[in-house]
Each structure stands twice: as C-alpha cells, then as structure tokens.
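**Student:** The amino acid sequence is not available; the structure is as follows:
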C-alpha cells in the first residue's frame, strides 16, 4: 500500500480500496445488519467476507504475511464497513487494537507467530486493559502476573472486552510490580485455549449488539515468559501508544456510522411527501442536511489527518488521535439523532436503520477513552 499519501487528498489506490470495500459491505454485510442487531448475534457473515478478501487486518506488515496497508487504508476499511454495520466494523478495528501492541513492542518471535496467525485469519485479536474498578483509571488495575521460572501466572478479571470469546488471541495488561504504578504494568499475549481462561455472559448493550462484549477471567493462567510483549514494566506505555493509533479507528467507525445515517436520511426526504411536495424541498430540512454534511466532512478530514500522523508516528499524534475520536464521535451522535428526526415517527421504529445507527453511535463517545478523557488528553498535548 502507498505510504506517501497527500494529507488532504486520498490516492487513487485508496479510492479503489474504498470502492471495493463499499461493494463488499453492501453485498455481504449490510443485508444482515438489522437481523444481527435484533438477535444480538456475532456477524459471522461479515467476518467470513472480510477474511476471504484479506480485509480483516490489513494493517499487518507484509513481512508477517499481511497486506502492509497504511493507516488511512485501515481507516477506509473500517469507515465503509461501519456505514452499513457498526458491529461488523469492530472486526478490523479490534483486530488492530488487539495486535498493535505486539506490532509496536513485541519480539520478532511474537510478531512472526501472532501477527502471522492474524494475517492468515487463524483467529481474531482482542485487547484487555479495562477492569471492573479500572476504567478511565487504567493504572488502578488489579490483574496480577507473577513470575514463576520460565512462566508467568496471571490472575484477574478484565471487563468490557470487545469480541471476547470469539477472539483466539488477547493482549492482556497485568501488574508485575505493584510498587511501580504505571511502570509496574506489563503486557502479555494470552490465548483463548490457555488453561484458566474463561468468559462472562455477553453484556446486554444499547448498541453494537452484534459485537460480543464480555468479561475475561484469568484463573492461574500459566503462560511462557516469552509471551511478554516488550520488557517487563513497559506494558502501560505500550497500551497508551497503541491507543494513540487506534483512537483514529474509532473516529473512522464514527464517520462511517454517520455517513450511513446521512445517506439514508437524504434518500428518505427526497421520497417522503408532505403538503404536496417532497420534504427535501423545505428549507428547514435543507438546513438540517447541510449541518449534518458539514459536521460529517469536518470529522472525516480530521480523521484522515490523524491517520496520516498515525502512519508517520508524528509527535502530535496523541493530540490528533484524541481530537479525531472525540470530534467524530460527537458528530456521529448528532448526525444520527438528526437522521432519526428527519424520518419522524418512522425513524423511531426498528423497521428503519437510523435508530440502530443512533444507538451504535453512542458507544464511540465512550470506548477507547471517554470523550471527557479525550479532552484531558488534548489539553495536555496541545500542538
């Protein structure tokens, strides 16, 4: 994939990718979105389609069997899938979130084994940072990893883990030295098949119902010491560096959801007639659509600018990643709410997709750091 792209203009290659993903999403993913949401089931059709077309984890470098796509390409894939089904967009998004710590800080052996397995679609990857008493305050985590010869033994509970139970691989943050606070946290790769790994019941959520969210229980999980990602005590730094990059993917998800809602609302108001003409002809409706489109394009441009910085690992990535995630998710919530309004009573029913999009948009303001936390991050990293 092209690494040297213009900050404000996507390349021809990027647009070809967009067209391909949009066609695939509309044909193989979108038709199942309502039923996936209604029944709260994992979108296996989406996983199959993405994996069959090598779109499930295109960020994996070519040296480990992946596509070696740049950060903007990953954003485009997530955006186009989210346009038809937010739950399904969490397959490529969380595969990057879960595996990026390995890519950033793992040994060559870990990269070859686990990034290679992800690229070959042998299993999905999840990210285990949050706990029942450690959400925004991730340093307060209680999960422990105790050294035992050539092994570490992990005990604890991780909460709000996306795709838990479906993923084969998990990046787990655990305390190796309680006296060192953030510098006493280490990162490990845990496999679903490891003895002592189990999962809670799926959470009953407002949105993204097709993406399972469960607790992960670690009960004397004994893993080889070489499954540590990076050096002991560097796990929290790796976790934060990962989020700098992956907050951009949540911004992409928000942009995609908002685009899907705007597309549907725009089509609806052109067909819906009141007082003898299409409601799209009324100035009040036009103003709403204009504001929705303006906010959406601002969110997209900020997200793409952040993706460019992610690709280059610029020094201002922390600010831009937080800004893109915060602005795009706020915009998505506003745009999807307005889409429901534009459909009137129909928008409030499950017969139309915009209420699902509104419910799905809400989580983008919360996960990978609430938007209140994003504003703290931005304030501490003003460019």
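**Tutor:** Now that the structure is in, tell me what you want to look at. Here the structure is a predicted model, which means the values were calculated and not measured.
**Student:** From now on I want contacts and neighbour counts done on CA atoms only, so please keep to that.
**Tutor:** Noted.
**Student:** Low-confidence bits of this protein, can you list those?
**Tutor:** 1-8 (pLDDT under 70).
**Student:** Helices along that one, start to end?
**Tutor:** 12-24, 33-39, 44-52, 71-82, 86-105, 108-110, 116-119, 235-271, 283-312, 317-342, 354-363, 371-380 (DSSP state H).
**Student:** Dump the ones you listed into a markdown table; add mean neighbour count and distance to residue 178 as well.
**Tutor:** Supplementary listing: the helices of the chain in a markdown table, determined by neighbours: other Cα atoms under 10 Å; distance: least, Cα to Cα, whole Å:
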| stretch | mean neighbour count | distance to residue 178 |
| --- | --- | --- |
| helix 12-24 | 16 | 45 |
| helix 33-39 | 17 | 41 |
| helix 44-52 | 18 | 39 |
| helix 71-82 | 28 | 35 |
| helix 86-105 | 26 | 21 |
| helix 108-110 | 14 | 26 |
| helix 116-119 | 22 | 32 |
| helix 235-271 | 25 | 13 |
| helix 283-312 | 19 | 32 |
| helix 317-342 | 26 | 27 |
| helix 354-363 | 25 | 31 |
| helix 371-380 | 16 | 24 |
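**Student:** a markdown table for those helices, including distance to residue 61?
**Tutor:** A markdown table is the format used below for these (distance: least, Cα to Cα, whole Å):
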| stretch | distance to residue 61 |
| --- | --- |
| helix 12-24 | 17 |
| helix 33-39 | 30 |
| helix 44-52 | 16 |
| helix 71-82 | 11 |
| helix 86-105 | 9 |
| helix 108-110 | 13 |
| helix 116-119 | 9 |
| helix 235-271 | 15 |
| helix 283-312 | 12 |
| helix 317-342 | 20 |
| helix 354-363 | 29 |
| helix 371-380 | 29 |
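**Student:** Of all these, which one is nearest residue 155?
**Tutor:** helix 235-271 (16.3 Å; Cα to Cα).
**Student:** Show me what that closest one is packed against.
**Tutor:** Of the remaining helices and strands, those touching helix 235-271 by 3 or more Cα pairs under 8 Å, 6 or more residues apart in numbering; DSSP states H and E are helix 71-82, helix 86-105, strand 169-175, strand 185-191, strand 277-278, helix 283-312, helix 317-342, helix 354-363.
**Student:** and it, how far from the chain's centre?
**Tutor:** Relative to its chain's centre, helix 235-271 lies at 8 Å (Cα atoms, centre = their mean, to the nearest Å).
**Student:** Which one of the helices of the chain lies nearest to residue 131?
**Tutor:** So among the helices of the chain, helix 235-271 is nearest, using Cα to Cα, at 14.1 Å.
**Student:** Tell me what angle that closest one forms with helix 354-363.
**Tutor:** 160 degrees (axes from the mean of the first three to the mean of the last three Cα atoms, to 10 degrees).
**Student:** How is the chain divided into domains?
**Tutor:** 12-119, 125-235, 236-380 (automatic domain parsing).
**Student:** end to end, how far does the second one reach?
**Tutor:** In other words, domain 125-235. 17 Å (Cα to Cα, to the nearest Å).
**Student:** tell me how far that domain is from the chain's mean position?
**Tutor:** The answer for domain 125-235 is 18 Å, by Cα atoms, centre = their mean.
**Student:** From residue 197, how far off is the nearest residue to residue 91 once chain neighbours are set aside?
**Tutor:** Leaving aside its chain neighbours, residue 91 sits nearest to residue 56 (6.5 Å; criterion: Cα to Cα, 6 or more residues apart in numbering). Going from residue 56 to residue 197 by Cα to Cα gives 25 Å.
**Student:** again with residue 124
**Tutor:** Distance from residue 124 to residue 197, by Cα to Cα: 16 Å.
**Student:** what do you get for residue 222?
**Tutor:** Residue 222 is 10 Å from residue 197, by Cα to Cα.
**Student:** Can you get me a residue count around residue 282?
**Tutor:** For residue 282, the neighbour count with other Cα atoms under 10 Å is 12.
**Student:** One more: residue 164?
**Tutor:** Neighbour tally, residue 164, other Cα under 10 Å: 28.
**Student:** Check the one 5 residues further on too.
**Tutor:** Using other Cα under 10 Å, residue 169 has 26 neighbouring residues.
**Student:** My read is that it contacts residue 123, right?
**Tutor:** Yes. Using Cα atoms under 8 Å, residue 169 is in contact with residue 123, at 6.8 Å.
**Student:** coming back round to it: looking at the helices of the chain, spot the one closest to residue 177.
**Tutor:** Nearest of the helices of the chain (Cα to Cα): helix 235-271, 11.5 Å.
**Student:** Also compute the angle for the closest one relative to helix 371-380, please.
**Tutor:** 120 degrees.
**Student:** between helix 235-271 and helix 86-105, what angle do the directions make?
**Tutor:** 150 degrees.
**Student:** can you tell me which residues contact the most centrally placed residue in the chain?
**Tutor:** Central residue of the chain (Cα atoms, centre = their mean): residue 93, 3.7 Å from the mean position. Contact analysis of residue 93 by Cα atoms under 8 Å, 6 or more residues apart in numbering lists 78, 246, 249-250.
**Student:** Out of those residues, which two sit at the greatest distance?
**Tutor:** Most distant of these, by Cα to Cα, are 78 and 246, 11.4 Å apart.
**Student:** Compare residue 124 and residue 197 (neighbour count), which wins?
**Tutor:** Each of residue 124 and residue 197 has its neighbours counted (other Cα under 10 Å); residue 124 has more, 26 against 19.
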